[in-house]
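**Student:** This is the structure alone, sequence omitted:
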């Protein structure tokens, strides 16, 4: 028994690392949009964070395949790992699109959405750190839902403005896609909250 | 034991409320597209239905966290609640886009898709009312799949027509997005049928 | 007992049929893009494969509802069936868009993505054939993830090129959608790998 416990702790530790890595990627994206210089270099730093995230997820999966007794149901470990991976993938996708579309200047709405993603990632880190005691993180999960609603609102206003300004069609296509990618990142973060709520529901 | 039963009934009752609320939102959307006047007011009524839906889902989740014995597996209650929430979110998203894009006149295909969504919601209400006896709702679940295929067909025809007419790019972007949002609502409705089928499969 | 075993084998056999049918649809799509003639006829052949796939999935679900002892957890049979269905649906959606958008000439990137989908389907067939012994298919599952990353890369380059060439907006909208549809097919194939990994994780 004594020998088992430390090994089980490793899962909690890896999940915390994955969530903290998402927070770092979110902060890099916010910094990139606020200080829009050396864009490809900043995008490469976010890509590097995403690859570190892949490595962490790989360690979780690998350990899952070699561990008999797990501190959470195997399918929940799997679902949470996969969903955390989705969040960082969409954060990285925003940075990649800014480069691929050769965007020269970010919009205020894009900066605002990046801020919201940072706040969601902060709440997510706090929730994942309390994976053993999810009954304590009701506030964080609610905050994530509130922020997702806010992001949805900002996203809709930005899209409405885009069409109202009646700009160049190719610019509209690009920005619509960038806003949607930002919004997808917030949806994925909300899905993490849903997975955590499902784990909590099971254990009540 | 006697005391427990009524409490369990509450879950079934709340799910029925959630499904009936989706049906109401679907009917409001259909009415909005058929009688395209006072558009922001009609969109606001759909938004209000969506918020009532959030409240019902919140009650389900809240009760789930306080109830020890549940009439369905906890994760199934969770999955069904979440998926019903997705349906109404996408119905509301259609109404919001009509406002945000300042659409002046709906197309026949949009009206037709709203009709299909109403029919899907009717089948969904019938299926959810029979949550205790899902073996009886094979017909409803099949009807939902049939309607989703039909919606897919209408959607594809509408998109093809949109490009064939070779209109203003910004109009094409808007309508492509509106059709896709309508189609996403039907996909989400089909996902409800999938969740119900999964619940039934478990209990056979 | 003796009588049960053969019946259980039927699930494995139907899953293999579903995977092989996806591979056939993928090869038809690749052939269509390489030899872009009689396009509606080639799209119809892919549609026919998709309908055969529906029939196989229907048999799996139907049998699930009539079988008491299943060789995998009921929900896993359900999840795998549904996810295999999603893959072929998106392959068919690519073919349908080529027809609906009246595309006159495919791009090299579209051909390359179709090649990748064929390779993913080959790895998927191999993995699904080993559903009894998923510990043996680590290589196939990793290959599917590698191919999805490759597809993502090809997709991004294609989108960047599309905007860099500064073409007609309607052409940009069409091709952006076709590339995204191809990429969605690869995402769905990766989701099959995730379902298989989740099944394996449960049984370790």
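**Tutor:** Looks like it came in fine. Note that this is a predicted model, so its numbers are computed, not measured.

**Student:** average model confidence for stretch A:86-94?
**Tutor:** Mean per-residue pLDDT for stretch A:86-94: 97.

**Student:** List the buried residues of the lowest-mean-pLDDT helix or strand in chain A.
**Tutor:** Scoring the helices and strands of chain A by mean pLDDT, DSSP states H and E places helix A:4-34 at the bottom, with a mean of 91. Within helix A:4-34, the residues scored as buried using 16 or more other CB atoms under 10 Å in any protein chain shown are A:11-12, A:14-30, A:32-33. For the C-beta atoms, the positions are set from N, CA and C on the backbone; glycine is no exception.

**Student:** One more: stretch A:134-150?
**Tutor:** In stretch A:134-150, the ones that count as buried by 16+ other CB under 10 Å are A:134, A:137, A:140-141, A:143-145, A:147-148, A:150.

**Student:** same check, this time on stretch A:151-167
**Tutor:** Result for stretch A:151-167 [16+ other CB under 10 Å]: buried residues A:151-152, A:154-156, A:158-160, A:162-163.

**Student:** Tabulate the residues you listed (CSV), appending pLDDT.
**Tutor:** Below are the buried residues of stretch A:151-167 laid out as CSV (pLDDT from 0 to 100):
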residue, pLDDT
A:151, 97
A:152, 93
A:154, 97
A:155, 96
A:156, 94
A:158, 96
A:159, 95
A:160, 94
A:162, 94
A:163, 93
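
**Student:** could those residues go into a markdown table alongside distance to residue A:202 and secondary structure?
**Tutor:** Below are the buried residues of stretch A:151-167 laid out as a markdown table (distance: CB to CB, whole Å; DSSP: H, G, I helix; E, B strand; the rest coil):
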| residue | distance to residue A:202 | secondary structure |
| --- | --- | --- |
| A:151 | 28 | helix |
| A:152 | 28 | helix |
| A:154 | 33 | helix |
| A:155 | 32 | helix |
| A:156 | 34 | helix |
| A:158 | 38 | helix |
| A:159 | 37 | helix |
| A:160 | 40 | helix |
| A:162 | 42 | helix |
| A:163 | 44 | helix |
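
**Student:** Run a quick neighbour tally on residue A:123.
**Tutor:** 24 (other CB atoms under 10 Å in any protein chain shown).

**Student:** pretty sure residue A:136 contacts residue A:127?
**Tutor:** No - judged on CB atoms under 8 Å, residue A:136 makes no contact with residue A:127 at a distance of 9.0 Å.

**Student:** Against chain B, how distant is residue A:166?
**Tutor:** For residue A:166, the distance to chain B (CB to the nearest CB, to the nearest Å) stands at 7 Å.

**Student:** residue contacts, that residue?
**Tutor:** Residue A:166 sits next to residue B:170 when contact means CB atoms under 8 Å, 6 or more residues apart in numbering or on different chains.

**Student:** Helix or strand: which one has the residue most central in space within chain A?
**Tutor:** Chain A has residue A:87 as the residue nearest its centroid, 3.2 Å off, counting by CA atoms, centre = their mean. Using DSSP states H and E, residue A:87 falls within helix A:74-100.

**Student:** where are the low-confidence patches of chain A?
**Tutor:** A:1-7, A:204 (pLDDT under 70).

**Student:** circling back to that earlier point, can you list the buried residues of stretch A:151-167 in CSV and add distance to chain C?
**Tutor:** CSV is the format used below for the buried residues of stretch A:151-167 (distance: CB to the nearest CB, whole Å):
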residue, distance to chain C
A:151, 22
A:152, 21
A:154, 23
A:155, 18
A:156, 21
A:158, 19
A:159, 16
A:160, 19
A:162, 14
A:163, 14
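
**Student:** check these against chain B, which are close?
**Tutor:** A:156, A:159-160, A:163 (CB under 8 Å from any CB of the partner chain).

**Student:** Flag every residue of chain A that's near chain B.
**Tutor:** So chain A meets chain B at A:156, A:159-160, A:163-164, A:166, A:169, A:172-173, A:176, A:194, A:197-198, A:200-202, A:204 (CB under 8 Å from any CB).

**Student:** Inside helices: which ones of the residues you listed?
**Tutor:** A:156, A:159-160, A:163-164, A:169, A:172-173, A:176, A:194, A:197-198, A:200-202 (DSSP state H).

**Student:** which of those lies closest to residue B:93?
**Tutor:** Taking CB to CB as the measure, residue B:93 lies nearest residue A:156 of these, at 8.7 Å.

**Student:** ok, the closest one touching residue B:96?
**Tutor:** Yes - contact criterion CB under 8 Å: residue A:156 and residue B:96 qualify, at 6.0 Å.

**Student:** sorry, back to before: and chain C, is the helix holding residue A:87 touching that?
**Tutor:** Yes - applying CB under 8 Å from any CB, one finds helix A:74-100 touching chain C at A:74-75, A:77-79, A:82, A:96, A:100.

**Student:** Could you verify my assumption that the residue nearest to the centre of chain A touches residue A:188?
**Tutor:** Yes - with contact defined as CB under 8 Å, residue A:87 and residue A:188 form a contacting pair (4.5 Å).

**Student:** Just say helix, strand or coil for residue A:71.
**Tutor:** Residue A:71 falls in the coil class when you classify it by DSSP: H, G, I helix; E, B strand; the rest coil.

**Student:** Look up how far residue C:165 lies from it.
**Tutor:** According to CB to CB, to the nearest Å, residue A:71 stands 52 Å off from residue C:165.

**Student:** Which residue is the nearest non-sequential neighbour of residue A:126?
**Tutor:** Nearest residue to residue A:126, sequence neighbours excluded (CB to CB, 6 or more residues apart in numbering or on different chains): residue A:140, at 4.9 Å.

**Student:** Residue A:11 now?
**Tutor:** residue A:71 (5.7 Å).

**Student:** near chain C, which residues of chain A show up?
**Tutor:** Close to chain C, as judged by CB under 8 Å from any CB, chain A has residues A:61, A:64-68, A:74-75, A:77-79, A:82, A:96, A:100-102, A:169-170, A:173-174, A:177.

**Student:** who touches stretch A:82-93?
**Tutor:** With contact meaning CB under 8 Å, 6+ apart, stretch A:82-93 is reached by A:15, A:18-19, A:21-22, A:25-26, A:29, A:46-47, A:49-50, A:53-54, A:57, A:117, A:121, A:124, A:128, A:181, A:184-185, A:188-189, A:191-192, A:195, C:194.

**Student:** try 6 Å
**Tutor:** A:18, A:22, A:25-26, A:29, A:46-47, A:50, A:53, A:57, A:181, A:184-185, A:188-189, A:191-192, A:195 (CB atoms under 6 Å, 6 or more residues apart in numbering or on different chains).

**Student:** Likewise for stretch A:70-81?
**Tutor:** A:8, A:11, A:57, A:60, A:64, A:195, A:199, C:198, C:201-202.

**Student:** which of the residues you listed lies closest to residue C:109?
**Tutor:** residue A:57 (28.2 Å).

**Student:** Which strand or helix spans the closest one?
**Tutor:** Per DSSP H and E: helix A:39-66 holds residue A:57.

**Student:** Identify each buried residue in that helix, please.
**Tutor:** Applying 16+ other CB under 10 Å to helix A:39-66 flags A:39, A:42-43, A:45-47, A:49-50, A:52-54, A:56-57, A:59-61, A:64 as buried.

**Student:** contacting residues around residue A:17?
**Tutor:** residue A:56.

**Student:** Roughly how far does it sit from residue B:13?
**Tutor:** In terms of CB to CB, residue A:17 sits 43 Å off from residue B:13.

**Student:** now residue A:129, nearest residue through space, not along the chain?
**Tutor:** Per CB to CB, 6+ apart, closest to residue A:129 is residue A:16, 5.4 Å.

**Student:** Was I right to think the one you found contacts residue A:127?
**Tutor:** No - Residue A:16 lies out of contact with residue A:127 (CB atoms under 6 Å); the separation is 10.3 Å.

**Student:** So which of the residues of helix A:74-100 next to chain C is the closest to chain B?
**Tutor:** residue A:75 (9.2 Å; CB to the nearest CB).

**Student:** Specify the angle between the helix holding residue A:57 and helix A:74-100 in degrees.
**Tutor:** Between the axes of helix A:39-66 and helix A:74-100, defined by axes from the mean of the first three to the mean of the last three CA atoms, to 10 degrees, the angle is 170 degrees.
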